[in-house]
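*Asks:* the following block contains a protein sequence and its predicted model.
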Amino acid sequence: MFTEKTKKSMPKRPTKVRLRNIALYYLQRFESSEHNLRIVLRRRIDKYAFFDKDYSPNEAYQWVDEIIEECLGHNFINDERFAEFKINNYLLAGKPKRYIEQKLKQKGIDEKIIDKLFEETDYSELETALNFARKKKIGRFRKELRQENRQKDLGTLVRAGFDFDIAKEVLEDE
């Protein structure tokens, strides 16, 4: 996890104030889920504990929980807002529903929140697949050699996470 480069610069000892500042600075730059912020802060603690073998990170882990609660109280972290933001970005990028669900689960978002947001969103897998095909210039958006590359394009769409039927529909002529 830590390399030779990290050994050169020993991190500062984590304190509650320092961890709070790290959290606030991180949240200033990025929208984050509760789970993700916890990972970011714990990584900082673990990095210091790697260098100082006598350091016990248990107290610092409790500080992380307190800081997370404080951020939740001030609405700096909101899993639903984070999920909505990510869903919109992934849909604009042409990512399929399965891909989006997996990414959000990795960030610690509850399935109920994901399902609720997908119900509220105008999600059409066909439109998303067409958007993906347009960006990758495959299928009906390919300029030439469409029939010769049909299998390759079909594989690209299926590997991206789209259903086989949707992939076939995208590759059909208009």
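*Replies:* In hand now; what should we look at? Quick caveat: nothing in here was measured; it's all calculated off a predicted structure.

*Asks:* quick one: neighbours of residue 133, just the number.
*Replies:* Number of residues near residue 133 (other CB atoms under 10 Å) recorded here: 23. Every C-beta, even on glycine, is put in place using the N, C-alpha and C of the backbone.

*Asks:* next, it: phi, psi?
*Replies:* Listed backbone geometry of residue 133 is phi -60, psi -40, with angles given as degrees, to the nearest 10.

*Asks:* same question for residue 75.
*Replies:* Torsion angles, degrees, to the nearest 10, at residue 75: phi 60, psi 30.

*Asks:* ok, now which ones touch it?
*Replies:* If you count contacts by CB atoms under 8 Å, 6 or more residues apart in numbering, residue 75 has none.

*Asks:* swap in 10 Å and give it another go.
*Replies:* Residues counted as contacts of residue 75 (CB atoms under 10 Å, 6 or more residues apart in numbering) are residue 81.

*Asks:* could you number the chain from 20 rather than 1 from now on?
*Replies:* Understood, numbering begins at 20; the last thing we discussed is residue 94.

*Asks:* do you know how far it is from residue 121?
*Replies:* Going from residue 94 to residue 121 by CB to CB, to the nearest Å gives 27 Å.

*Asks:* please identify the helix or strand for residue 105.
*Replies:* Secondary structure assignment for residue 105, by DSSP states H and E: helix 98-111.

*Asks:* and the next helix or strand past that helix?
*Replies:* Toward the C-terminus from helix 98-111 - assigned by DSSP H and E - lies helix 116-125.

*Asks:* which residues are contacting stretch 119-139?
*Replies:* Here stretch 119-139 has contacts from 51-58, 98-99, 101-103, 105-110, 112, 114-116, 140, 142, 147, 180, using CB under 10 Å, 6+ apart.

*Asks:* are any of these buried, and if so which?
*Replies:* Using 16 or more other CB atoms under 10 Å as the burial test, the contacts of stretch 119-139 include 51-57, 98, 101-103, 105-106, 109-110, 114-116, 147, 180 as buried.

*Asks:* how much space between the nearest residue to residue 118 once chain neighbours are set aside and residue 168?
*Replies:* Sequence neighbours aside, residue 180 is the residue nearest to residue 118 in space, at 4.4 Å (criterion: CB to CB, 6 or more residues apart in numbering). Distance from residue 180 to residue 168, counting by CB to CB: 20 Å.

*Asks:* now do residue 55
*Replies:* Taking CB to CB, one finds residue 55 at 39 Å from residue 168.

*Asks:* one more: residue 137?
*Replies:* 32 Å.

*Asks:* report the angle between the longest helix along the chain and helix 116-125.
*Replies:* Counting residues, the longest helix found in the chain (DSSP state H) is helix 53-70. Helix 53-70 runs at 50 degrees relative to helix 116-125, counting by axes from the mean of the first three to the mean of the last three CA atoms, to 10 degrees.
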